[in-house]
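**Q** from the sequence below, what's the structure:
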Amino acid sequence: MNKAASVARAGARAFSLMEMMLVVVIIGILATVVVVNLAGGADEARRGATVTTISQVKGAITTYYTKYGSYPVTLDVLATGSPALLEKVPNDAWSNPLVYIQPSDIQGKAFNLYSLGQDKQGGTADDINVWTMDQPQ
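**A** From the prediction side, this is the model:
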């Protein structure tokens with residue numbers, strides 16, 4: 001081995017165990033931040049998909065009313081009528097059936113339509129109601 005190569009090797013040093021552990025901890029923290037942000041985005045995407053589904057079902061209910069002069073008793077009527085206004089009765093983005101109440105439990109509304117939301121419980125803050133879903137949360 002020549003003297004120049006020997007000097008170059010002596011000047012180079014490897015990472016210490018402490019430096020390697022610090023790098024691993026930093027990568028772990030960054031990964032946690034990314035996962036938490038992606039999980040929040042998934043919830044918002046599910047909410048948006050459910051709002052779209054509720055809007056489509058509301059449109060089918062309105063079309064039914066225009067055609068027959070009354071509101072459907074159940075959502076199943078929208079998928080089984082002739083012609084069917086929905087291919088099938090959709091679930092929300094959490095795979096829960098939509099809740100349809102006719103006559104409505106809301107004063108001044110002919111019907112109520114909502115999703116139980118992520119927690120699958122009615123009457124909680126994450127419910128998505130046809131009459132309030134466009135309001136900021």
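**Q** use CA for all of it now, contacts and neighbours both
**A** Fine.
**Q** residue 89 touches residue 80, doesn't it?
**A** No: Residue 89 is beyond contact range of residue 80, at 9.4 Å (criterion: Cα atoms under 8 Å).
**Q** residue 126 versus residue 97, what's the distance?
**A** 15 Å (Cα to Cα, to the nearest Å).
**Q** oh, that last question was meant for residue 45, not what I typed.
**A** 14 Å.
**Q** more neighbours, those two?
**A** Neighbours per residue (other Cα atoms under 10 Å) separate residue 45 from residue 126, with residue 126 holding more: 16 against 13.
**Q** can you confirm that one is in a helix?
**A** No: going by DSSP: H, G, I helix; E, B strand; the rest coil, the assignment for residue 126 is coil, not a helix.
**Q** now do the helices in this structure.
**A** Secondary structure of the chain (DSSP state H): helices located at 3-11, 17-68, 76-80.
**Q** who are the packing partners of the second one?
**A** I take that to be helix 17-68. helix 76-80, strand 112-115, strand 128-129 (3 or more Cα pairs under 8 Å, 6 or more residues apart in numbering; DSSP states H and E).
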